[in-house]
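K.L.:
what would the 3D arrangement of this be:
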Amino acid sequence: MLIRPPDTLPRQAAPRRIAVRVKRKAVPAIRSGHPWLFEDSVKKAPPDAAPGDVAVLYDPDGKKILAAGLWDPHSPLRVRILQKTPAQPPVGPPLFAELAKKAAAIRCGIASDRTTAYRLANGESDGFPGLAADRYGDTLVVKLYSEAFAPWAGDVADAFFAADPGLVHCVIRLSRALEDSPSVRRFFPEPAAVFTAESESFSNPVRFRENGLLFEADVIRGQKTGFFLDQRDNRARVGTMSAGRDVLNVFSFSGGFSLYAARGGASNVCSVDADKHAIAACDRHFELNADHPNIRKCKHEGVAGDAFEVMQAMAREKRRFGLVVVDPPSFAKSAAEHDRALHSYARLASLADSLLEPGGTLVFASCSSRVSADDFFPVILEHAHIRELARTGHAADHPALFPESSYLKCLYAEKLP
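P.N.:
Take a look at the predicted model:
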């Protein structure tokens, strides 16, 4: 883990501006505010354009400016569009500050002494296409998914620190796709780096609260930015329907759903995850919250193993649960995996159905943007003997303002007799 002072974060003192002419087919999407310009929509661009150059987008004739963004030469999303109207500041620190301030205002109803972790910027939907920013207590975690933001990382961090004065530390993380990028490694030689003037006060994992419960996030090596903040509302809802029930949490990660169920009065909770370290984190979170009487008396069982195999074994043993949570990772990271993902969802729905007692509740989520709600919900309802109760989507701090940004879907259903 590299720890550096904040003034070593990369900043753009004199960014290069380049003219990019787009093909006619791209004009309607740009004018409608879409944040991406695809590679096959570029008509003309400088051959030496580099990651992070400010790309000013012109119409096909090169006469009218349409928008501006950051050049991303090695991605099919060739330009990440940030400035969509002339009324906005030009791409750079003033625009980042405006976007961060607007994003912080959306989250003002979430932050409290009881909830100290939430998403500060949800990529494209908050005007930052190619990155995500989360707050864990006094720590900002920015995850880069685009080369274009690497030379601007310090300017982006400055914007969030100005919009959220309680921040002290900044962690920059690279998506797996960027870890071998020479242009990114020039700024960030390691997959994660900490920038802080108070190095003695930074420790990992970072401790935070969510609806009064205490959690820890490994902001250096953990999945996403360290925790699955997008499921906060669904976790809270599960907590309200767990009293007196035996609860099964499949793909548990570090036990968020499990802990809420225990606090809600569950008799027993079983957490299943393929990663033994995730199961250890589940146990750790139960220990951290043992001062709550319901959590202290709830029996927690952690099972490290393949979810399909564990559920099959439980079905053979005729185990039954009053509530089953299925929250798998993305089964479709590309369009080619769509059908296979639906098959996996169908298998899990059938297995979950076999483990539910009559009248029990199934909570089944999908985090794959490649599988639409129109495809996802019918598959679950078809392969389990259940009655739909409700559907949920994105929380307020995870807005999805255009179709490609929508990914989170969750079904609540009741097992029929």
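
K.L.:
go through stretch 396-404 and flag the buried ones.
P.N.:
With burial defined by 16 or more other C-beta atoms under 10 Å, the residues of stretch 396-404 counted as buried are 397-400. From N, CA and C alone the C-beta is placed, and that goes for glycine too.

K.L.:
assign the spatially closest residue to residue 407 that is not a sequence neighbour to helix, strand or coil.
P.N.:
Leaving aside its sequence neighbours, residue 407 sits nearest to residue 369 (C-beta to C-beta, 6 or more residues apart in numbering; 3.8 Å). Look at residue 369: counting by DSSP: H, G, I helix; E, B strand; the rest coil, its state is coil.

K.L.:
can you pull the contacts of residue 206?
P.N.:
By C-beta atoms under 8 Å, 6 or more residues apart in numbering, the contact set of residue 206 is 136-137, 139, 216-217, 219, 226.

K.L.:
what's across from it in the sheet?
P.N.:
With DSSP bridges as the criterion, residue 206 is bridged to residue 217.

K.L.:
the longest strand along the chain: which residues count as buried?
P.N.:
Looking across the chain with DSSP state E, the single longest strand is strand 356-366. Neighbour-count burial for strand 356-366, counted by 16+ other C-beta under 10 Å, picks out 356, 360-366.

K.L.:
same check on stretch 327-343?
P.N.:
So, applying 16+ other C-beta under 10 Å, buried residues of stretch 327-343: 327-328, 331-332, 337-338, 341-342.

K.L.:
re the thing from before, distance of the residue nearest to residue 407 relative to residue 226?
P.N.:
21 Å (C-beta to C-beta, to the nearest Å).

K.L.:
so for these two, which sits in the more crowded spot?
P.N.:
A count of neighbours by other C-beta atoms under 10 Å puts residue 226 above the other of residue 369 and residue 226, at 28 against 17.

K.L.:
now do the helices in the chain.
P.N.:
With DSSP state H as the criterion, the chain has helices at 27-31, 93-106, 153-163, 182-185, 232-239, 256-263, 276-288, 293-297, 307-316, 338-355, 373-382.

K.L.:
helices and strands around the longest one, which ones?
P.N.:
Packed against helix 338-355, as judged by 3 or more C-beta pairs under 8 Å, 6 or more residues apart in numbering; DSSP states H and E, are the following elements: strand 246-250, helix 307-316, strand 321-326, strand 356-366, helix 373-382.

K.L.:
re earlier: so the residue nearest to residue 407 is in contact with residue 409, correct?
P.N.:
No: between residue 369 and residue 409 there is no contact under C-beta atoms under 8 Å: 9.8 Å.

K.L.:
isn't residue 330 right up against residue 345?
P.N.:
No: contact criterion C-beta under 8 Å: residue 330 and residue 345 do not qualify, at 11.3 Å.

K.L.:
returning to what we had before: show me which pair in the buried residues of strand 356-366 is furthest apart.
P.N.:
360 and 366 (20.3 Å; C-beta to C-beta).

K.L.:
picking that back up, what comes into contact with the longest strand of the chain?
P.N.:
Outside strand 356-366, the residues that touch it by C-beta under 8 Å, 6+ apart are 231, 234, 238, 241, 245, 257, 320-328, 345, 348-349, 352-353, 376, 380, 384, 386, 389, 407-417.

K.L.:
list only buried entries from those.
P.N.:
Among the contacts of strand 356-366, those buried by neighbour count (16+ other C-beta under 10 Å) are 231, 234, 238, 241, 245, 257, 320-328, 345, 348-349, 352-353, 376, 380, 384, 386, 407-413, 415.

K.L.:
that concludes my questions; thank you for your assistance.
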